[in-house]
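Participant: following is a predicted model, sequence given first.
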Amino acid sequence: MIKDFDGEKGNVDLVFDEANQNKDYFNLICDKNYSSSGKLKNVCISVKDSIIVKDVISRGGSKILDGYNPLFSATVVQRLVNNGAIVVGKTTQDEFGFGSFNVNVGKGFSVPKNPFDSERSCGGSSGGGCAFTQKCTGEHISLVESTGGSIACPASFCGVFGFTPTYGLLSRYGLIDYGNSLDKIGFASKYLDNIANILGYCIGKDENDSTSLDVNEKYSIKSLKGLKVGLVSEGFDVDEGVKNVIIEYLDTKKVKYDEVSLDFSYKYGVAAYYIVAMCEASTNLAKYCGMRYGLSDEIKGDFNQYFSKIREEGFGNEAKRRVMLGTFARMVGYRDAYYIKALKVKTMIIKDYKKKFKKYDVLITPTMPFIAPRFDDIKNMSVVDNYMADKLLAGVNLGGFPHLNVPVGFLNKMPVGMLVIADHLMEKNLFRGWL
């Protein structure tokens with residue numbers, strides 16, 4: 001009933017055979033704690049591999065978690081299914097979310113392709129979810145996750161709405177973590193009203209997640225009328241074609257805006273983000289030692305020898321790089337110089353954004369500085385070039401601000417995305433008549 005898709009044929013790990021019905025798969029993965037009726041009974045959701053689903057192998061895109069079969073579902077998944085939503089499969093991603101182009105897949109995984117051009121990236125790290133969303137029809141929403149832009153980036157490259165909420169608005173319980181202070185579960189969909197409608201079913205305090213917020217609100221799409229908009233000047237230092245598509249879109253929508261500056265955030269955001277993220281990632285990945293779950297082997301030698309062998313076999317190159325860099329940055333003698341300083345920069349970035357939100361409801365930039373790149377071009381990028389691709393998304397994710405990718409047009413037959421950013425817990429300012 002279930003078949004595996006590779007990168008050449010599709011973008012999800014688990015999907016239906018055409019001959020089978022949703023009900024068959026629903027019965028396979030659900031138990032009596034799940035509801036088969038409710039207000040979301042016609043909604044199908046795909047789930048990023050890092051968000052666990054009970055009785056469905058969940059690996060975070062990594063070989064080191066091969067065979068991990070969760071005994072429970074993530075809180076967000078459980079809340080949706082309790083209201084009748086049907087989980088249709090797990091979508092591919094960069095290993096543990098480490099990447100902007102979804103080429104850093106774990107060992108044994110295939111790279112997903114862009115739905116508009118198979119020679120181009122679908123973006124990372126939620127590339128599988130956004131690519132699958134673009135190809136889907138009907139009432140489908142993809143449950144995805146962002147640490148430093150992993151929802152907005154692939155949403156832009158794949159031409160769908162990608163919503164990242166305020167940090168803590170959705171519970172992180174059941175999320176295979178990358179960076180605890182940065183991870184946020186969100187949604188991708190072709191239709192903004194679908195995201196607005198489903199969000200209210202997912203929020204609310206979760207006793208299993210101390211960072212979750214006690215918010216009870218319903219969301220709907222409002223008019224653009226009266227919205228105070230600031231265009232971030234530093235954000236438009238991008239491909240001229242991308243810039244023109246966005247300005248033309250705003251003019252067509254008759255959106256009035258002022259130019260504003262976030263110089264500090266754009267100058268230091270990427271550096272601060274990667275220090276914080278790598279330090280937290282190196283700590284979180286320490287638990288994958290081959291003794292509790294996932295990849296294991298016959299125990300030989302001392303703990304360090306066994307631990308190193310398992311991690312060498314289980315982790316891909318980018319995971320190893322981030323573990324080493326994060327471990328270095330939080331060592332005695334370097335912690336204050338790197339990690340603590342990066343946290344101070346994070347606080348200053350938040351203050352920088354907060355000043356702008358005293359005057360403006362939303363801030364706007366391009367989502368990505370270019371359209372989806374070709375795989376051949378990605379191969380020629382340096383590690384620094386890869387990391388700098390996140391320059392428009394690092395600061396907003398570091399600050400935990402809600403943001404939305406809006407598909408606004410095409411350049412060279414590829415989608416262009418516009419990033420709309422709101423103040424903390426002001427998601428209602430994102431749910432406007434953008435399309």
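Facilitator: That came through fine. Numbers count the residues shown, from 1 in each chain.
Participant: where's P407, which helix or strand?
Facilitator: Under the criterion of DSSP states H and E, P407 resides in strand 403-411.
Participant: give me the contacts around that strand.
Facilitator: Strand 403-411 has contacts (C-beta atoms under 8 Å, 6 or more residues apart in numbering) with 151-152, 155-156, 159-164, 192, 239, 241-242, 245-246, 248-249, 367, 371, 396, 415-422, 430, 434-435. In short, each C-beta sits where N, CA and C put it, glycine included.
Participant: give me the buried subset of those residues.
Facilitator: 151-152, 155-156, 159-164, 192, 242, 245-246, 249, 367, 371, 396, 415-422, 430, 434 (16 or more other C-beta atoms under 10 Å).
Participant: in strands, which of those residues fall?
Facilitator: Those of the buried ones among the contacts of strand 403-411 mapping onto strands are 161-164, 415-422, per DSSP state E.
Participant: break down the protein into its strands, ranges please.
Facilitator: Going by DSSP E, the chain shows strands at 2-3, 15-16, 44-48, 86-91, 140-146, 161-164, 184-189, 229-232, 257-260, 362-366, 403-411, 414-422.
Participant: M368 versus the nearest residue to M348 once chain neighbours are set aside, what's the distance?
Facilitator: Excluding the flanking residues, the one nearest M348 by C-beta to C-beta, 6 or more residues apart in numbering is F264, at 6.4 Å. Using C-beta to C-beta, to the nearest Å, one gets 21 Å for the distance from F264 to M368.
Participant: and what of S212?
Facilitator: Taking C-beta to C-beta, one finds S212 at 29 Å from M368.
Participant: looking at those two, which is more packed in?
Facilitator: M368 (30 against 19; other C-beta atoms under 10 Å).
Participant: taking the ones in strands among the buried ones among the contacts of strand 403-411 together, which two end up most distant?
Facilitator: P415 and A422 (22.1 Å; C-beta to C-beta).
Participant: what number of residues lie near the residue lying closest to F357 once chain neighbours are set aside?
Facilitator: Leaving aside its sequence neighbours, F357 sits nearest to D423 (C-beta to C-beta, 6+ apart; 4.0 Å). Using other C-beta under 10 Å, D423 has 20 other residues around it.
Participant: from F264, how far off is D423?
Facilitator: Distance of D423 to F264, given as C-beta to C-beta: 17 Å.
Participant: same check, this time on D49
Facilitator: From D49 to F264 the distance is 35 Å (C-beta to C-beta).
Participant: likewise D352?
Facilitator: Per C-beta to C-beta, D352 is found 5 Å from F264.
Participant: neighbour count winner among these two?
Facilitator: The residue with more neighbours, out of D352 and F264, is D352; 19 against 16, by other C-beta under 10 Å.
Participant: I figured the more buried one hits S265, correct?
Facilitator: Yes - counting by C-beta atoms under 8 Å, D352 does reach S265; the two are 5.2 Å apart.
Participant: hmm, V362 and V260 touching each other?
Facilitator: No - applying C-beta under 8 Å, one finds V260 not in contact with V362, separated by 11.0 Å.
Participant: who has more neighbours out of these two?
Facilitator: Neighbour count, other C-beta under 10 Å: between V260 and V362, V362 has more, with 25 against 18.
Participant: and the gap between the closest residue to A342 other than its chain neighbours and F96?
Facilitator: Closest residue to A342 apart from its sequence neighbours, by C-beta to C-beta, 6+ apart: I275 at 3.9 Å. I275 sits 17 Å away from F96, going by C-beta to C-beta.
Participant: out of these two, which sits in the more crowded spot?
Facilitator: The neighbour comparison of I275 against F96 (other C-beta under 10 Å) goes to F96, with 31 against 23.
Participant: the more buried one contacts A319, doesn't it?
Facilitator: Yes - counting by C-beta under 8 Å, F96 does reach A319; the two are 6.0 Å apart.
Participant: between the two, what contacts are shared?
Facilitator: 62, 285.
Participant: which ones are touching S62?
Facilitator: 95-96, 106-107, 288, 314-316, 319.
Participant: same question for D193.
Facilitator: By C-beta under 8 Å, 6+ apart, D193 lies in contact with 220-221.
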